[in-house]
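Asker: need a 3D model of the following:
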Amino acid sequence: MRAVVQRVRRASVRVDGKSVGSIEKGLLVFVGIGRGDLDQDVSYIADKLSTLRLFDDDDGKMNWSVSDVGGSLLVVSQFTLFADCRRGRRPSYTAAAGSETARQLYENVIDRLRRHGCSVQTGTFQAHMDVECVNDGPVTVLLDSNRVF
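Answerer: Numbers count the residues shown, from 1 in each chain. This is a model prediction of the structure:
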């Protein structure tokens, strides 16, 4: 499982012109589910997201988590995080999980974040989405449950 995490001042998702999720200060998180991902991958990503210290403390050091600053998470599914672009010009997505498995694990990430007490908004799984954000910093980090980066 992979995640691209961006610290934002605000972020929103629209589907067919209708707002389906929006947050103010917090984290915009794109989550990709890989073939073979399991509940342990859900735990790793959700636990990391809920405690990752990406917000500045009073001394300007990144010491506070999204919960510490009263922020929210906007979690958006994105299978293209498993694109393989090493050969040719068209990405291969064979490393991405199938849609049924991916949907369940994506929903499990959201559920686990909420159980951690996080305020969570979402995109719409398998929809074409318009995502807008105002990056704060910018601060962007990559997570991978297999710890390849």
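Asker: for whichever strand or helix holds Val5, packing partners?
Answerer: Per DSSP states H and E, Val5 falls inside strand 2-15. Packed against strand 2-15 by the contact rule (3 or more CB pairs under 8 Å, 6 or more residues apart in numbering; DSSP states H and E) you find strand 18-23, strand 26-32, helix 39-51, strand 72-77, strand 130-144. For the C-beta atoms, the positions are set from N, CA and C on the backbone; glycine is no exception.
Asker: contact partners of the helix ranked longest in the chain?
Answerer: What stands out as the longest helix in the chain, according to DSSP state H, is helix 99-115. Here helix 99-115 makes contact (CB atoms under 8 Å, 6 or more residues apart in numbering) with 1, 31, 33, 37, 39, 41-43, 45-47, 49-50, 73, 75, 77, 79, 96-97, 120, 122, 125-126.
Asker: in whatever helix or strand comes next after that helix, what counts as buried?
Answerer: The helix or strand immediately downstream of helix 99-115 is strand 119-122, counting by DSSP H and E. Using 16 or more other CB atoms under 10 Å as the test for burial, strand 119-122 gives Val120, Gln121, Thr122.
Asker: now swap in stretch 32-43 and tell me
Answerer: Quick answer for stretch 32-43 (16+ other CB under 10 Å): Gly32, Ile33, Gly34, Asp37, Asp41, Val42.
Asker: same list (the buried residues of strand 119-122) but as JSON lines, adding pLDDT.
Answerer: Formatted as JSON lines, the buried residues of strand 119-122 follow (pLDDT from 0 to 100):
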{"residue": "Val120", "pLDDT": "98"}
{"residue": "Gln121", "pLDDT": "98"}
{"residue": "Thr122", "pLDDT": "98"}
